[in-house]
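>>> I need the structure of the sequence given here:
(chains A and B)
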Amino acid sequence: MKIAIVPRLKPSRLIFWFGPVLAVLATMIVGTLVFAALGINGLKAVETIFLEPVLNPQRWQDLGVKAAPMLIIACGLAYGFRANVWNIGAEGQYIAGAIAGTGVALLADGSLPGSPLPLMCFAGVLGGMAWAALPALLRTRFRVNEILVTLMLTYVAIQLLFYLTRGPWRDPNGFNFPQTRLFEAAESLPIVVPGTVIHLGVPLALVIALVMWIVMQRTTVGFAGRTVGLAPHAALYGGFRNDRVVWFSLMLSGGLAGLAGIFEAAGPFGQLTPQFGVGYGFAAIIVAFLGRLNPLGIVLGALVLAISIVGGEIAQTRLGVPNAAIGVFQAMMLFFLLAVDVFVSNRLVFERDENA
Amino acid sequence: MSADILIAIFVTVITASTPVLIAGLGALVVEKSGVLNLGVEGMMLIGAVTGFAMAATTGSPTLGFIAAIVAGAAASMVFAVLTLTLAANQVATGLALTIFGTGLSALAGKGFVGRTVDASIRIFPDVLALHPLGRLIFSHHPMVYLSLVLTVGVAWFLSRSRAGLILRAVGESADAAHSIGYNVIAIRYLAVAFGGAMAGLGGACFSLMLTPMWSEKLTAGRGWIALALVVFASWRPGRLLAGAYLFGLVMTLELHAKAAGFGLIAPEVLAMMPYLATILVLTIISMRPGSAYSAAPACLGKPFRPPV
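Next up is the predicted model:
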């Protein structure tokens, strides 16, 4: 008996859309075993992490707030991933956006007529773009690998955040804590559902996903990105310039990551602290894949990751499950998804051995 | 500056370079076989925590290093099954491995934070290190000598041995290697396992040699720097050694500048240096026309599936 993987004549749409569900289920099953091996009640832990946030309506607002930044970042990343542009430093662009936006708020310091919020968001987008511009320049000019450069710049952004919050931007009235002053009401994202924590960034994230879906599915720019990724030579023949797609991918993903950064700073955080980079930029990579690099799928992908984050926080306080366990879960989801993905365009055949 | 200080700096540079050199050698062999494994950072962390846990439990750093090798190779097998057997996307799988290793090591190392081990092993008697010149040659950690042996070994293997020739053939043209009867997948499995073992060992150099302790994300991106150095080295072990030592020099200067209390430069700015230096070096190596990337194995990152 021999098992072989052979290409399908037509990709399986069933596996394409149910793959992520399968991956999440497999993660829950294996996760139970992993926890049991670590001496934690596995069933209880997995139930707390994956079901509690869904079943408890009080947690829904948290899901929206956690999902929003990952949704915004992943929409930008998806365009690039389709075009074979691997921006894995969204975390750095996210921090850079938050820094730029915060910089505007601190610089203006209430002196602007009207709300400084639009200008802060604009600066956030520019900050993220600036952080992604160097890898774009280096890749298009000198063919330097963007994977390594975007990642290296993430470490630089984290150090810059440390420097600013401990040094020049430290709140003079903050009892020497390394953090910027709290944003004023005019500098903060308004709460859109009274009595909850749901800020303006949550509905805006959904709007961004919808716009990105239209851009990717219905416009020439979206088509150019997909073509460059799938068939670079055909794209060249069709008049799509590879360099332009690289620039567009990095500016889009950098800009959106920057926007997510200032949303988070002017929203849930309310200030910058050295702990600002909580890993949304890395989680968004998993979200993009879970969502099939399709902005509408990414909405669901962001929700799944948000569930694991909120559930992880509950499990941490209630069961003492270390926070790091969530990273293991998220990576496992991606592993299983990549494994399932193979069977979208391939199938297993069991063939008799000729010698038998 | 006296000779003593110069020698002290030299010893620090070599020690600081060793983990990156070892992990880089593994990544180099993997890439020569045509596989791009971005999970180096994750495997280093798994090696670092396993090595430390083993050494802390048994009291033997040697057992710690061995455990790290096994753990690194085991972690790389997850990557191998996905990318080689199932032909999944190598970039995404490697990334997942790094996220996985970061989480798993933090989870497994929870109980070891703040503990220390006595990890001092020397192979040469201290007497030999009394004279400054002797210190230059004999005072190093065994891993330093091992990394040099490995460099020569990998260089010899790739350029002089028959097995190395086959490995390179698989990386340059998987189809051609397959058609003359070599098992491409099996050879790549072995290469990936070696890469994992070296990443694990490199990680353990952190937790058992550089800073005999464990903390979350201990390797601080060194796995990525190892990957960058492979590009910088144009996939040649000798140049990787030079690159790693150059990098070690930047790291050591950062430490010394910090210790000297340079009031002008913030410690955070100094901490950016290794990453900025890596970007700069990658750029310089890519600027020379037709240099770096033409040296890349032709099948690097491309999945191979044997025709049925």
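
>>> which SS class is the residue of the stretch 251-356 of chain A found nearest chain B?
In the stretch 251-356 of chain A, the residue that lies nearest chain B is A:G327 (2.7 Å; CB to the nearest CB). C-beta: built from backbone N, CA, C; applies to glycine. Of the three states, A:G327 takes helix under DSSP: H, G, I helix; E, B strand; the rest coil.

>>> What strand or helix carries the residue nearest to B:E216 when sequence neighbours are not counted?
Nearest residue to B:E216 in three dimensions, chain neighbours excluded: B:A106, at 4.6 Å (CB to CB, 6 or more residues apart in numbering or on different chains). Taking DSSP states H and E as the definition, B:A106 sits inside helix B:90-108.

>>> Please, where are all the helices along the stretch 201-350 of chain A?
Using DSSP state H, counting those that start in this stretch, the helices found in the stretch 201-350 of chain A span residues A:201-218, A:220-230, A:232-237, A:242-264, A:280-290, A:295-319, A:324-345.

>>> what do you get for the stretch 51-200 of chain A?
All helices of the stretch 51-200 of chain A, identified by DSSP H, counting those that start in this stretch, fall at A:52-55, A:60-82, A:90-108, A:117-142, A:146-166.

>>> same question, the stretch 101-250 of chain B
Counting by DSSP H, counting those that start in this stretch, the helices of the stretch 101-250 of chain B are B:132-138, B:142-160, B:162-172, B:174-179, B:184-205, B:222-232, B:237-259.

>>> Identify the residue of the stretch 101-250 of chain A closest to chain B, quick one.
Checking the stretch 101-250 of chain A residue by residue against chain B with CB to the nearest CB singles out A:Y163 as nearest, at 3.7 Å.

>>> Count the neighbours of that residue for me.
Using other CB atoms under 10 Å in any protein chain shown, A:Y163 has 18 neighbouring residues.

>>> That one reaches A:P274, doesn't it?
No. Counting by CB atoms under 8 Å, A:P274 is not a contact partner of A:Y163; they are 9.6 Å apart.

>>> List, one by one, the residues from the stretch 151-300 of chain A near chain B.
A:151-153, A:155-156, A:159-160, A:162-163, A:166-167, A:282, A:285-286, A:289 (CB under 8 Å from any CB of the partner chain).

>>> Which of those residues scores worst on pLDDT?
pLDDT across these is at its lowest for A:G167, which sits at 87.

>>> check contacts around that one.
B:266, B:268 (CB atoms under 8 Å, 6 or more residues apart in numbering or on different chains).

>>> how near is it to B:I265?
Applying CB to CB, to the nearest Å, the value for A:G167 to B:I265 is 12 Å.

>>> Now do the residue lying closest to the residue of the stretch 101-250 of chain A closest to chain B once chain neighbours are set aside: how many residues are near it, please.
Here the nearest residue to A:Y163 in space, its sequence neighbours aside, is B:E268; by CB to CB, 6+ apart that works out to 3.7 Å. Counted with other CB under 10 Å, the neighbours of B:E268 add up to 19.

>>> One more: B:A204?
33.

>>> Would you mind measuring from it to A:D341?
Distance from B:A204 to A:D341, by CB to CB: 33 Å.

>>> Ok, B:M77 next?
Counting by CB to CB, the gap from B:M77 to A:D341 is 19 Å.

>>> swap in A:I309?
23 Å.

>>> so A:I5 sits in a strand?
Yes. A:I5: assigned to a strand according to three-state DSSP.

>>> Pull the contacting residues for the spatially closest residue to it that is not a sequence neighbour.
Excluding the flanking residues, the one nearest A:I5 by CB to CB, 6+ apart is A:N346, at 4.9 Å. Residues counted as contacts of A:N346 (CB under 8 Å, 6+ apart) are A:5-8.

>>> picking up where we left off before, for B:M77 and A:D341, indicate the residue with more neighbours.
A:D341 (22 against 14).

>>> and the gap between the closest residue to that one other than its chain neighbours and B:V91?
Nearest residue to A:D341, sequence neighbours excluded (CB to CB, 6+ apart): A:G19, at 6.0 Å. Relative to B:V91, A:G19 is positioned 18 Å away (CB to CB).

>>> who has more neighbours, the two?
Remark: of A:G19 and B:V91, A:G19 carries more neighbours, 23 against 18, as counted by other CB under 10 Å.

>>> neighbours of A:L200, just the number please.
A:L200 - counted by other CB under 10 Å - has 18 other residues nearby.

>>> how close does B:L165 get to B:L36?
21 Å.

>>> Please determine how far the residue nearest the centre of chain A is located from A:L230.
Centroid check for chain A by CA atoms, centre = their mean gives A:A284 as the closest residue, at 1.8 Å. Shown here: A:A284 relative to A:L230, a distance of 23 Å by CB to CB.

>>> Next: A:A136.
A:A136 sits 21 Å away from A:L230, taking CB to CB as the criterion.

>>> out of these two, which sits in the more crowded spot?
A:A136 (23 against 12).

>>> count of neighbours near the nearest residue to the more buried one once chain neighbours are set aside?
Counting by CB to CB, 6+ apart, the nearest residue to A:A136 once its immediate chain neighbours are dropped is A:L250, at 4.0 Å. A:L250 has 30 neighbouring residues, counting by other CB under 10 Å.

>>> shouldn't A:L250 be in contact with A:V149?
No. Using CB under 8 Å, A:L250 is not in contact with A:V149, being 10.1 Å away.

>>> can you list residues touching both of those two?
Joint contacts of A:L250 and A:V149 (CB under 8 Å, 6+ apart) are A:135, A:139.

>>> Residue numbers of the stretch 51-200 of chain B in contact with chain A?
B:78, B:82, B:86-89, B:91-93, B:95-97, B:99-100, B:102-107, B:110.

>>> Next one, pLDDT for the residue of the stretch 151-300 of chain B found nearest chain A please.
Nearest to chain A, among the residues of the stretch 151-300 of chain B, is B:E268, at 3.7 Å (CB to the nearest CB). Per-residue pLDDT puts B:E268 at 87.

>>> who's in contact with it?
Residues near B:E268 by CB under 8 Å, 6+ apart: A:159-160, A:162-163, A:166-167.

>>> Which one of those residues is nearest to B:G26?
A:Q159 (27.6 Å; CB to CB).

>>> Figure out the helix or strand that the residue nearest to B:S60 when sequence neighbours are not counted lives in.
In space, and not counting its chain neighbours, B:S60 is closest to B:M54: 7.8 Å by CB to CB, 6+ apart. Secondary structure assigned from DSSP H and E places B:M54 in helix B:40-58.
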